[in-house]
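*Asks:* Structure, please.
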Amino acid sequence: MKIRVLFVCATNSVQSPMAEALLKRTDSAHFEVTSAGIGSGDIHPLTVEAMREIGIDLEGRGTRSTQDVLHRNFDFVITLCESARSGCPTFAGAELVHWRFDDPLAEPDYAKQKRMFQTLREQIAQRVRLFVLVQARSATVNTYSHQELRLSA
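*Replies:* Model (predicted):
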């Protein structure tokens, strides 16, 4: 069974679509992943550009709000900015995790903002790889524990 993950940011336009796409690329065999925002907006053009640089096409991707996915079950809900952390609704049974990232939209200079989007992408990619590694290790430990229980019974 796949681990179900929801990434949440303010408007599903910057951090969460990056995280969703990166986790899908990293390990779609073991994870079912989606993203949402506290509200919904349009995906930011620099998000599209930053992801295109690494071969991921988000052009024309729609956004959704947490209200759109409240009916779904998740194993992990991962918030990616302070507004998501404070405004995220409760998802029963999900482990809530917060990954703090700087908001590139707070930077007024376009050239610096573009670099911040690239840096954000790399920071999220690194965190996603670590998350996959930890969850894979946990799944392996749990599998061995269940096997040991069956053997000793």
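
*Asks:* Okay, now the unreliable bits of this protein?
*Replies:* 139-153 (pLDDT under 70).

*Asks:* can you give me the strands for it?
*Replies:* Shown for the chain, the strands assigned by DSSP state E span residues 3-9, 31-37, 76-79, 95-98.

*Asks:* which residues of this structure fall in helices?
*Replies:* 15-27, 45-52, 66-69, 82-87, 110-152 (DSSP state H).

*Asks:* ok so, going back, wait, which of the strands of the chain is closest to Asp57?
*Replies:* strand 31-37 (15.5 Å; C-beta to C-beta). C-beta: built from backbone N, CA, C; applies to glycine.

*Asks:* on that earlier part again, mean neighbour count, the helices of the chain: which tops it?
*Replies:* The highest mean neighbour count among these belongs to helix 15-27 (a mean of 24), with neighbours defined as mean count of other C-beta atoms under 10 Å.

*Asks:* Quick one: list the elements packing against it.
*Replies:* strand 3-9, strand 31-37, helix 45-52, helix 110-152 (3 or more C-beta pairs under 8 Å, 6 or more residues apart in numbering; DSSP states H and E).

*Asks:* picking up where we left off before, out of the strands of the chain, which gets nearest to Ile124?
*Replies:* Among these, strand 3-9 sits nearest to Ile124 (C-beta to C-beta), with 8.9 Å.

*Asks:* just how off-centre is that closest one within its chain?
*Replies:* Distance, stretch centre to chain centre, for strand 3-9: 5 Å (C-alpha atoms, centre = their mean, to the nearest Å).

*Asks:* Could you do stretch 67-85 as well?
*Replies:* 9 Å.

*Asks:* end-to-end on that stretch?
*Replies:* 15 Å (C-alpha to C-alpha, to the nearest Å).

*Asks:* coming back round to it: of all the helices and strands packed on helix 15-27, which lies closest to Val77?
*Replies:* Val77 lies closest to strand 3-9 among those, at 4.8 Å (C-beta to C-beta).

*Asks:* In terms of secondary structure, what does the closest one contact?
*Replies:* helix 15-27, strand 31-37, strand 76-79, helix 82-87.

*Asks:* try it again with 6 Å
*Replies:* If contacts are counted by 3 or more C-beta pairs under 6 Å, 6 or more residues apart in numbering; DSSP states H and E, strand 3-9 sits against helix 15-27, strand 31-37, strand 76-79.
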